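Chemist: Kindly generate the corresponding structure for this input.
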Amino acid sequence: MEKRFISKLLDKNPCLLIKSPRAIEAKKEFLTLEELKILMLTDFSNDNTKRAFIFSCLTGLRLSDVKKLKWSDISQLDGLWRNFSSTKN
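Modeler: Alright, predicted model coming up:
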């Protein structure tokens with residue numbers, strides 16, 4: 001009964017007048033090989049953080065995936081090291 005009452009009050013669904021927001025495309029930036037080489041030679045207060053960042057740059061893994069990485073996630077095939085597939089949280 002309530003639906004009939006509402007449909008008599010409104011000719012159109014007001015939600016159809018609302019426009020969805022457009023997705024903003026993120027600009028992805030990356031370091032060049034030369035910049036990575038400079039970073040490798042730069043002193044840093046926390047060597048583990050520096051090494052994890054460089055590893056992430058070279059593998060494409062997100063920081064969250066690097067933190068969870070275990071040796072069991074990595075295998076060698078045809079002389080190439082391969083890692084697990086990441087999932088987006």
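Chemist: which one's the longest helix in this structure?
Modeler: Of all the segments assigned as helix in the chain under DSSP state H, the longest by residue count is helix 47-59.
Chemist: which residues sit against that helix?
Modeler: Outside of helix 47-59, the residues within contact range by Cβ atoms under 8 Å, 6 or more residues apart in numbering are Phe30, Leu31, Leu36, Leu39, Met40, Thr42, Phe44, Leu61, Arg62, Leu63, Val66, Asn83. To be clear about C-beta, it is placed using only N, CA and C from the backbone, and glycine gets the same treatment.
Chemist: cutoff 10 Å now
Modeler: Outside helix 47-59, the residues that touch it by Cβ atoms under 10 Å, 6 or more residues apart in numbering are 30-31, 33, 35-36, 39-40, 42-44, 46, 61-63, 65-67, 69, 81, 83.
Chemist: Report the distance from it to the chain centre.
Modeler: On the basis of Cα atoms, centre = their mean, to the nearest Å, helix 47-59 sits 16 Å off its chain's mean C-alpha point.
Chemist: same check, this time on stretch 57-71
Modeler: Distance, centroid of stretch 57-71 to centroid of chain: 11 Å (Cα atoms, centre = their mean).
Chemist: Show the end-to-end separation of that stretch, please.
Modeler: End-to-end distance for stretch 57-71, by Cα to Cα, to the nearest Å: 19 Å.
Chemist: Can you list the buried residues in that stretch?
Modeler: By 16 or more other Cβ atoms under 10 Å, the buried positions in stretch 57-71 come out as Leu61, Asp65, Val66, Leu69.
Chemist: These into CSV, with extra columns for secondary structure, distance to Ile54 and pLDDT?
Modeler: Output for those, formatted as CSV (DSSP: H, G, I helix; E, B strand; the rest coil; distance: Cβ to Cβ, whole Å; pLDDT from 0 to 100):
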residue, secondary structure, distance to Ile54, pLDDT
Leu61, coil, 11, 86
Asp65, helix, 15, 87
Val66, helix, 11, 85
Leu69, coil, 14, 84
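Chemist: quick one: Lys28 from Gly60, how far?
Modeler: Look at Lys28 and Gly60: by Cβ to Cβ, to the nearest Å, they are 11 Å apart.
Chemist: Next: Ile18.
Modeler: 38 Å.
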